[in-house]
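Q: No letters, just coordinates:
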């Protein structure tokens, strides 16, 4: 029998709602639906094109003993408008540049949320 955590992706996704502030090229605030060491799936108030490079701050400070927010560079991999007449967009981002300290903090954060070593 497969574990609930078995996934076909490189990094395990963790369902959680964490604010992500996009600071470049536009300023907006998204919220994760799931998060991994490799990226996030987010609810965004604005449309962003696939391939767009972002500078983001994961607002993790205060969650599960995290003492700092995490700045990362990311690429939009997919973006689509929500269905059923809802406003907003669903955005899949891939982290492409994560400083070592931020990656370590993100890993600890996700391990604390799941109780599993990643």
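A: Here it is on my side, so go on. Just so we're clear, the structure is a prediction, and the values are computed from it rather than from any experiment.
Q: partner residues bridging the residue nearest to the spatial centre of the chain?
A: Nearest residue to the geometric centre of the chain (C-alpha atoms, centre = their mean): residue 40, 2.9 Å. For residue 40, the beta-bridge partners are residue 35, residue 93 (DSSP bridges).
Q: Give me the below-cutoff pLDDT ranges for this structure.
A: Within the chain, the stretches with pLDDT under 70 are 1-9, 64-65.
Q: And the helices in the protein, which stretches?
A: 100-114 (DSSP state H).
Q: which strand of it spans the most residues?
A: For the chain, the strand reaching the highest residue count under DSSP state E is reported as strand 70-81.
Q: partners of that one in the sheet?
A: For strand 70-81, pairing defined by DSSP bridges yields strand 53-58 (antiparallel), strand 89-97 (antiparallel).
Q: Direction-wise, compare the shortest one with helix 100-114 and give the angle.
A: By that I understand strand 53-58. For strand 53-58 against helix 100-114, the angle by axes from the mean of the first three to the mean of the last three C-alpha atoms, to 10 degrees is 60 degrees.
Q: buried sites along strand 53-58?
A: Neighbour counts over strand 53-58 (16 or more other C-beta atoms under 10 Å) mark 54, 56-58 as buried. C-beta here means a position set from N, CA and C on the backbone, and glycine is covered the same way.
Q: Same question for stretch 92-100.
A: 92-93, 95, 98.
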